[in-house]
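Visitor: Let me see the structure of the following:
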Amino acid sequence: MIDLAFHHFGLAVKSPVEATLFLSALGYKMGEPLFDPGQNVRLMMATHTTQPAIEIIFEGQAGGPIDKMIQQRPQGIVYHICYTTSNLSASLAQLKAQGVRAMCISSPKPAPLFGGRRVSFYQLTGAGLIEILESNE
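Guide: Numbering: from 1, shown residues only. Reported below is the predicted structural model:
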């Protein structure tokens, strides 16, 4: 088994207004929006007592990583799945041992949305983009 546990879906939107209206109507609680300079995006967590967490990602400053995607899909798109791990290097080795190719898109860096815990992004052949959030342990 690979040491990865589901954490949240990443929803990229042009503006968070409609997404927060929809998710609030479903019973989600919205966190405060913040700017992540390491990723050059604005972020907001939406949490629910029984539904999966959703990270709402919207444009930061010009030239951010989601700009082109939002231009192509202005209505929004779920574009990544986040997993947590207790040991990033071991999880990446486990993926490789299982024959899963994981190309690093963004190396580990502190994430303000998660209290400074490090996040990194990987393109997985056959599975798309994943974010890996390192645990505090």
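Visitor: Could you list the low-confidence segments of this protein?
Guide: 137 (pLDDT under 70).
Visitor: where do the strands sit along it?
Guide: For the chain, the strands defined by DSSP state E occupy 5-13, 29-30, 34-36, 41-47, 53-59, 77-85, 102-110, 118-124, 128-134.
Visitor: packing partners for the second one?
Guide: It refers to strand 29-30. For strand 29-30, the packing partners by 3 or more CB pairs under 8 Å, 6 or more residues apart in numbering; DSSP states H and E come out as helix 16-25, strand 41-47. (C-beta placed from N, C-alpha, C; glycine too.)
Visitor: Let's have the ones you listed in CSV, adding distance to Ile132.
Guide: Shown next, in CSV, are the helices and strands packed on strand 29-30 (distance: least, CB to CB, whole Å):
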stretch, distance to Ile132
helix 16-25, 24
strand 41-47, 16
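Visitor: Deepest-packed of these, please.
Guide: Greatest average neighbour count among the helices and strands packed on strand 29-30 goes to strand 41-47 (a mean of 20), per mean count of other CB atoms under 10 Å.
Visitor: And it, what does it pack against?
Guide: Strand 41-47 packs on helix 16-25, strand 29-30, strand 34-36, strand 53-59, going by 3+ CB pairs under 8 Å, 6+ apart.
Visitor: Return the distance of it from the chain's centre.
Guide: Centroid separation between strand 41-47 and its chain, computed with CA atoms, centre = their mean, to the nearest Å, is 9 Å.
Visitor: which residues are in contact with it?
Guide: Strand 41-47 is touched from outside by 8, 16, 19-20, 23, 28-36, 53-60, 64-66, 112-113, with contacts defined as CB atoms under 8 Å, 6 or more residues apart in numbering.
Visitor: Start and end of stretch 54-73, how far apart?
Guide: 18 Å (CA to CA, to the nearest Å).
Visitor: Quick check: buried residues in that stretch?
Guide: Neighbour counts over stretch 54-73 (16 or more other CB atoms under 10 Å) mark Ile54, Glu55, Ile56, Ile57, Phe58, Glu59, Gly60, Gly64, Pro65, Ile66, Asp67, Ile70 as buried.
Visitor: what bridges to the fifth one?
Guide: Spelled out, that is Phe58. Note on Phe58: beta-bridge partners by DSSP bridges are Val13, Arg42.
Visitor: This completes my enquiry, with thanks.
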